[in-house]
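Q: Below is the sequence, then the predicted model.
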Amino acid sequence: MSTVLPPAAAAPDLAQSAQQVLHEIFGYGSFRGEQRQIIEHVCAGGDALVLMPTGGGKSLCYQVPAIARHRAGLGVAVVVSPLIALMHDQVGALDELGVAAAFLNSTLDADEARRVERELLAGTLTLLYAAPERILTPRFLAMLESLHERGRLSLFAIDEAHCVSQWGHDFREEYLGLSALHERFPAVPRLALTATADDHTRADIIERLQLQAARLFVASFDRPNIRYTIVEKDEPKKQLLRFLRDEHDGDAGIVYCQSRKRVEETAAWLAGEGITALPYHAGLDADVRRRHQDRFLREDGVVMVATIAFGMGIDKPDVRFVAHLDLPKNIESYYQETGRAGRDGLPADAWMAYGLADVVNQRRMIDDGDAGEDFKRLQRAKLDALLALAEAHDCRRVRLLAYFGQASTPCGNCDSCIHPPATWDATDAARKALSCIYRFRQQGEQGLGPRSFGVVHLIDVLRGKATDKVAQFGHERLSTFGIGADVSDAQWRLVLRQLIALGHVRTEGEFNTLALAESAREVLRGAVPVTLRLPTETRTKLKPARVRGGAGKAPPLPLDEPGLLCFAELKRWRAEVAREHNLPAYVVFHDAALAEMARERPATLDDLAAIGGVGAKKLEAYGREILRVLAGAAAG
């Protein structure tokens, strides 16, 4: 791969400039984790592929080099972004910081789009955000050619790079054309970023974007501020409501459901229970989706009930929980979706209710799909990994990180660590269930009825229930009738869920009847032990109730009584500023910055400049007002 680096003497200058940008523009004193190495590499003109978890600071990895390289006269950075919401948020935040940024997307009218194009060609923009389908149009490529000929094209940042991979969880065909950027502009450095990619997806990104010579940066996938909890489904809407009321009363969060119908039903039900809940899915009118998303971003305490159509590119930092009422497709999807909680680094929850129907439905969607067998085989393996996480007896975080190739120790902060689950040896029960499924088949082959039956009927036979269906097919005469009477219905569902999850039992046809897989032989022989969690329900709060700090929200840092008052007054002031500027409140300042102000209570502009997140532009724009608010709170 051909890359042109700046002169040798320029690289240290750009690295020093990057540190100045971090402090002056973004208001931070130091980089986090691998940010420094990534930024210095890109500032020097190198290509990179960056895997960094949501909330890890990916945006800074291209925004800081873009600003530093623009200051050095190297032109504009073009950011490939898949979603309009992300573009609007990023550009709004950069504008607040005094950085010349813009976007080109379908929300602009023709005059606005032409104005942005003029600014782009004139070299006044530092960053331009656009979707891949726009970037690859002849008109846009011609503008890039013009910039490149004048040495004014500094960087390509390809965000959400996993979208280029057909093996990934969010494939977007338009991303496939982005290899044209390297082919047309081989001297312009490229930075591809994603929050999650397993080995297959990572290899696909490298090949399809022609990043074979790029430097790979893999940050830790651990999000220690997120608590992972998975419960067995038992009236899941009521379980969700209990979780929200016990743990997240008044908090902003996302609830994911698999279907549009379930989204609307759940949102309406939560609203009826007094929770500010809104639906979001691709079937809603575009104006409704936009209004609901704006409310979620700009108001406190809104719960968005959504399909996976919602979430990518949402930078809201104070999402305190992500809940799943249905099983995601794989660990990558689960990690990406749960990662939208706690982007501010403060405590957050990833909660999921999971049951037998989830396993059956996910396997059926894979089996009934139109993809080739190789793709289906990989998807089954990915689902198996997620099921292993859901059924695990040990630390959830250890399992999750191991999937991404990262070793760890028990976290002490997931449900399994806080309340270690009771387990039981279900090997004998599993063999009884498999034997009963086999007896159904034998009887069917003798012409005495169907060869397979569903879960409910199987449990009835195992428990010895004299139902009409049992009598109809003479199943009370089977040797397996009543052999599992000592096992409860809930435990039998758990056994069957595990047998299906492990692939020993498969489901067939429209009615999801049960059949033995080849691997069932080993379980029947007793060669494969089956150890299961006992059914549990997390009725006990996992953490103590939080002390709320005025304005309806808990402060993110421990504060004394005067500090709580300052925090509440700062939040009121921030809400007014956000309304005036038509911005989400967190774009003005994060809660963490306000809490630090409330704790330190700076009395001068120099003191205020030392607060994390207070850059030069924000200090100039808001500094005296903040000092006034703090002084008023202290006096009152």
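A: The structure has been received and is ready for your questions. Residues are numbered from 1 along each chain as shown.
Q: Could I get the buried residue list for the helix or strand containing Asp13?
A: Counting by DSSP states H and E, the element that carries Asp13 is helix 10-24. Neighbour-count burial for helix 10-24 flags 10-11, 14-15, 17-19, 21-22, 24 (criterion: 16 or more other CB atoms under 10 Å). For the C-beta atoms, the positions are set from N, CA and C on the backbone; glycine is no exception.
Q: Rank the residues you listed by pLDDT and give me only the lowest.
A: For the buried residues of helix 10-24, the weakest pLDDT value sits at Ala10, with 45.
Q: which among the buried residues of helix 10-24 gets closest to Gly33?
A: Comparing the buried residues of helix 10-24 against Gly33 with CB to CB places Leu22 closest, at 13.5 Å.
Q: thinking again about what came up before, what about dumping the CA coordinates of the helix holding Asp13 to CSV?
A: Below are the C-alpha coordinates for helix 10-24, written out as CSV (Å, rounded to 0.1, in the frame of the first residue of the first chain):
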residue,chain,number,x,y,z
ALA,A,10,6.7,17.4,10.5
ALA,A,11,5.6,14.3,12.3
PRO,A,12,6.8,15.4,15.8
ASP,A,13,5.2,18.8,15.2
LEU,A,14,1.9,17.2,14.3
ALA,A,15,2.1,15.0,17.4
GLN,A,16,2.7,18.1,19.5
SER,A,17,-0.2,19.8,17.7
ALA,A,18,-2.5,16.8,18.5
GLN,A,19,-1.8,17.2,22.2
GLN,A,20,-2.5,20.9,21.9
VAL,A,21,-5.8,20.2,20.1
LEU,A,22,-6.8,17.7,22.8
HIS,A,23,-6.3,20.4,25.5
GLU,A,24,-7.4,23.6,23.7
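Q: Check which element follows it along the chain.
A: Past helix 10-24, the next helix or strand by DSSP H and E is helix 35-43.
Q: Distance from that next one to the middle of the chain?
A: Distance of helix 35-43 from its chain centroid, counting by CA atoms, centre = their mean, to the nearest Å, is 25 Å.
Q: Which positions within that helix qualify as buried?
A: When burial is assessed from 16+ other CB under 10 Å, helix 35-43 yields the following buried residues: 35-36, 38-43.
Q: cool, stretch 581-595 as well?
A: Neighbour-count burial for stretch 581-595, with 16+ other CB under 10 Å as criterion, is recorded at 583-595.
Q: same question, stretch 619-635
A: Buried positions in stretch 619-635, judged by neighbour count with 16+ other CB under 10 Å: 619, 621-623, 626-627, 629-630, 633.
Q: Next: stretch 221-237.
A: For stretch 221-237, the neighbour count (16+ other CB under 10 Å) marks 221-223, 225-233, 236-237 as buried.
Q: any idea which of the buried residues of helix 10-24 is the one closest to Ala603?
A: For the buried residues of helix 10-24, the nearest to Ala603 is Glu24 (22.3 Å; CB to CB).
Q: For that closest one, give me its contacts.
A: Shown in contact with Glu24 (CB atoms under 8 Å, 6 or more residues apart in numbering): 615-616.
Q: The one 3 residues further on now?
A: Taking CB under 8 Å, 6+ apart as the contact definition, Gly27 lies against 609, 611-616, 618-619.
Q: Make JSON lines from those and add secondary structure to it.
A: As requested, those are arranged in JSON lines below (DSSP: H, G, I helix; E, B strand; the rest coil):
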{"residue": "Ala609", "secondary structure": "helix"}
{"residue": "Ile611", "secondary structure": "coil"}
{"residue": "Gly612", "secondary structure": "coil"}
{"residue": "Gly613", "secondary structure": "coil"}
{"residue": "Val614", "secondary structure": "coil"}
{"residue": "Gly615", "secondary structure": "coil"}
{"residue": "Ala616", "secondary structure": "helix"}
{"residue": "Lys618", "secondary structure": "helix"}
{"residue": "Leu619", "secondary structure": "helix"}
